[in-house]
Every structure is written in C-alpha cells, then in structure tokens.
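[1] kindly generate the corresponding structure for this input.
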Amino acid sequence: MHSDIPKVLHKVGGRSLLAHVVDTALSLKADAVHVVVGHEAEQIRTAFESAPVTWAMQAEQLGTGHAVAQAMPNVSDNALLLVLYGDVPLIQADTLRQLLAKAGEGALAVLTLNSTNPHGLGRILRDAAGKAIAIVEEKDATAEQKTIKETNSGIMAVHSATLRQWLGRLKNDNAQGEYYLTDIVGLAVADGIAVETLRIDDELEVLGVNNKVQLAQLERDYQRRLAERLLEAGVTLADPARFDVRGELHCGRDVEIDINCIFEGKVVIGNRVRIGPNVCIKNAVIGDHAVIHANSHIDGAQVAAQCAVGPFARLRPGTVLNTGSKIGNFVETKKAILGEGSKVNHLSYVGDATLGRDVNIGAGTITCNYDGVNKFETVIEDNVFVGSNTALVAPVKIGENATIGAGSTITVDVPGEHLAIARGRQRNIEGWKKPGRK
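    Modelled structure (predicted):
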C-alpha cells in the first residue's frame, strides 16, 4: 500500500476495510468476533478500541492457517466459526447466512466464486461426481489446474472442535512455506467430513485489497452499486459516476442530485429536494422541498422543509433552519437557530445565535460570539431587521420588531420596536490631497 496506515484501516465508502467486515459479522448476531492482527497491531487496536471484539496476535506471519490458530485459544469447542478477511470488505450478510446454513451438522462450508479472471487465486478441485476435494493455490497449481475458473474466496464456515484438530495437522511444505487454511479441505475429505460449497457470481463481494489501484477500483464499484440502488428507488442522479456516499444516505421521493456531491455519516433527505453540484452533506437532515445550491457544505445541521441554502454556504454543527428560512451565498453558521422565514442572504457569519421568525440579516453582518476564551449567545427576536455591515457583540439581545442601522456595532441590548444606530459620526475634510508617489 506504500502507506504508514495499516491496509485494513484504508477506507471504502468512508469506513475502513476492517470496519465493514466487523460490522457485517456483528449483524449476524455473532456470539463473539475475534480479530487476528500482526503488522501495526496497536494502530489497528486503537482504531477499534470501542468495538466489541476479541484480539489475537500473530507475531509471525506464517500463513492463513497459522493466523486462525492464534484465535482458537479463546474459542469454545462447540462453536460454529465463520472465517472472514479484514481486507475483503464487501461480503454480504445474506451470503454468509447461506454459507452458515451449508455448514449444517458438522460439514465444512466454503464460499467459492465463478471468476472471470482467476489469476492469483486458489482453484477449487472437484472429483468426477462434482464434489469439492481440495483447494490448490496458484503458485502450487499445474498448468491444467490454472485453467479452472472456480476460485476460493477464503471465506469458510466450520465447527470449532473439528477445525482445531485440522489446524494441528497442517504442514507448510508448499511454495510459500506457509500453513494454508485451504488445506483443511483435503483433510476434511480424508476424514470423511462433507465439504459443501456455496458458489456465487458477484465478484465484488469477495474482492480483496492489496494495493491502491485495487482500493480505488473497489471504491468505484461500491459507489456504482450504491448509485444504482438509489436510481432504482427513484432518485435522479445527474451522473452516477460522479457521486459518493461515505456512510448512509436515505432519500425520499423525487430527489434530484447534481454532479460531484458527497454524503458522509448519516444523511436523511426528504421528498422533492434538489441538491446542486459540488455539495457536501455530513450527518444532516434535509426537509421536503428544500433546495441546496451549488458548492455548499452542510455538517451536523437540520434543514427544514422549503429552506434554501447557498450557493457557497457553510452550515456547521448545531445549525437548525426552520421552515422557509434561507441561508445565502458566502454565509457561515454555527450553533445557530433560524426561525421560520428568516434570512441571512449573503456574506455573513452567525454563530451561537437564536433568531426568531422573519428576521432579515443584512450583508456583512457578524455575531461576535467569542472573546478568546468563552462563547456567548446572541438572541434576535421576531421581525428584526439588521442592516448591512453590522457587528453584534454577544451577549446581546435584539427585541421584537427592532431595526439595526447599517454599519453599527451593537454592544448592549436593543429593546423591541427601537432603531439602534451605533457608528462614528462622519467627517468630510475639505481640500484633502491624496499622497503621491516619490
């Protein structure tokens, strides 16, 4: 990977490869999830310090069979085990349920793939009756065996007591000098244990990652499938190839999404919402009939029905826009609540503020909410008009129906129905000469 980041911590769809696998395992209601780590183990453990997993250390990388053996001391003898891989992130829970069912009463179940390009993969060997009898790694395969298209995914379901004794019989007399987990197929056949296979055609489920090229390919394949699901559900995507979901995206009916939009965390979009190009939305809720114009960033905000945002707006965490409110171009908000119909149209910053209904904030207005140590709140009641280029120095309260003259610096509360003007008196100096160049 040519990276200081462990391979399994690289991301697809906004989550690490290992997070995908662990989440899928947990979704199966597993009694326990064991993660075997070796290289950069502490970095991986730190990234998953709150995850309900049991760690096992593989100090020497001696093969897949050796890796599984490191977890076995913490596994009971009456468990049904599922062997997954931290760099194979997109395996589906439904596929794994079918595989577990195949393991049945004591059988070994192996997930296989009809591969269009089997290069580098282990091949499934079958007898004349079609029963799986062995898996041969490509480096140990004959020329004839390399023509086989059915490949091993590495994913298996097996009973722990049986697996434990097979692991003790593995040998490393192969081209790699490693203990292959795949050799347990031959041991199962020798012991008269049934070997069941579940063959799938969806290569994306079992694609692994070994370099940045494969990581990028997996990301695009993953995004393409997410886009197809949204299209099938009725979402309009201007270009499915220029669309990224890095978390969860839930859309209502007749949603339109333009190009180059990114959705992170959990995003919920209501009905008939229009989202312009180059928009980033993270952990947010967008209400019905809202319009998000181009190049806007929304993070941790709630946007109610019929609101308009942008273009070039930034809504930071804690922002709440009530019905019909508007945030215009080059406006930034943080922990700001806008009442119904209120507007901050352009070139302003509103932070740690509560605005009532039908408030109008003029261009260039800022709430001065930070004194270098503490944050303070600005309260603006209903129907207030704030003129352009105004500084509201918090803590301050502007009463209902008040008006603030343009260019004012407001440092004390303004009662309702009042006009407040706080600016220096203008002086015009007659005969002023501009300085010239020397």
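[2] now the helices for this structure?
    The residue ranges that make up the helices of the chain, judged by DSSP state H, are 17-27, 41-47, 64-71, 93-103, 160-167, 184-190, 212-232.
[3] what residues of the first one count as buried?
    This points to helix 17-27. In terms of neighbour count (16 or more other CB atoms under 10 Å), helix 17-27 has its buried residues at Leu17, Leu18, Ala19, His20, Val21, Val22, Thr24, Ala25. Where C-beta positions appear, they are placed from N, C-alpha and C, glycine not excepted.
[4] make TSV out of those and add distance to Arg169.
    Written out in TSV, the entries for these read as follows (distance: CB to CB, whole Å):
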residue	distance to Arg169
Leu17	31
Leu18	30
Ala19	34
His20	32
Val21	28
Val22	30
Thr24	30
Ala25	27
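[5] of those, which is the nearest to Thr411?
    Distances from Thr411 to those, taken as CB to CB, are shortest for Ala19 (49.4 Å).
[6] how near is that closest one to Lys139?
    Between Ala19 and Lys139 the distance, using CB to CB, to the nearest Å, works out to 31 Å.
[7] ok, Val267 touching Ile275?
    No: judged on CB atoms under 8 Å, Val267 makes no contact with Ile275 at a distance of 10.2 Å.
[8] mind listing the shared neighbours of those two?
    Residues touching both Val267 and Ile275 by CB atoms under 8 Å, 6 or more residues apart in numbering: Ile281, Ile286.
[9] generate CSV for the buried residues of helix 17-27, with distance to Pro240 and pLDDT as supplementary columns.
    Formatted as CSV, the buried residues of helix 17-27 follow (distance: CB to CB, whole Å; pLDDT from 0 to 100):
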residue, distance to Pro240, pLDDT
Leu17, 23, 98
Leu18, 28, 98
Ala19, 25, 97
His20, 21, 97
Val21, 26, 97
Val22, 29, 97
Thr24, 25, 97
Ala25, 30, 96
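[10] how about those, which pair is most distant?
    Taking CB to CB as the measure, those span a maximum distance of 13.2 Å, between Leu17 and Ala25.
[11] residue ranges for the strands of the stretch 201-350 of the chain, please.
    All strands of the stretch 201-350 of the chain, identified by DSSP state E, counting those that start in this stretch, fall at 236-237, 243-251, 256-257, 261-269, 274-275, 280-286, 291-292, 297-299, 302-303, 308-309, 314-315, 320-321, 326-338, 343-355.
[12] nearest to Leu198, out of these?
    Distance to Leu198, taken as CB to CB, is lowest for strand 243-251 among the strands of the stretch 201-350 of the chain, at 27.9 Å.
[13] that closest one vs helix 212-232, what angle?
    Our comparison of strand 243-251 with helix 212-232, counting by axes from the mean of the first three to the mean of the last three CA atoms, to 10 degrees, yields an angle of 30 degrees.
[14] who are the packing partners of strand 243-251?
    In terms of contacts (3 or more CB pairs under 8 Å, 6 or more residues apart in numbering; DSSP states H and E), strand 243-251 is packed against helix 212-232, strand 261-269.
[15] same for the longest one, what does it pack against?
    Read that as helix 212-232. Using 3+ CB pairs under 8 Å, 6+ apart as the contact definition, the elements that helix 212-232 packs against are strand 11-12, strand 236-237, strand 243-251.
[16] at 10 Å instead, please
    Applying 3 or more CB pairs under 10 Å, 6 or more residues apart in numbering; DSSP states H and E, one finds that helix 212-232 makes contact with strand 11-12, helix 17-27, strand 236-237, strand 243-251.
[17] only alpha carbons, please: show the helix or strand bottoming out on mean pLDDT in the chain as CSV.
    Taking all helices and strands of the chain together, the one with the lowest average confidence (mean pLDDT, DSSP states H and E) is strand 132-136, at a mean of 90. Taking only C-alpha atoms (Å, rounded to 0.1, in the frame of the first residue of the first chain), the coordinates of strand 132-136 have been written out as CSV:
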residue,chain,number,x,y,z
ALA,A,132,-15.0,-30.4,-3.8
ILE,A,133,-12.0,-32.3,-2.8
ALA,A,134,-9.2,-29.7,-2.4
ILE,A,135,-8.1,-26.1,-2.9
VAL,A,136,-4.8,-25.5,-4.7
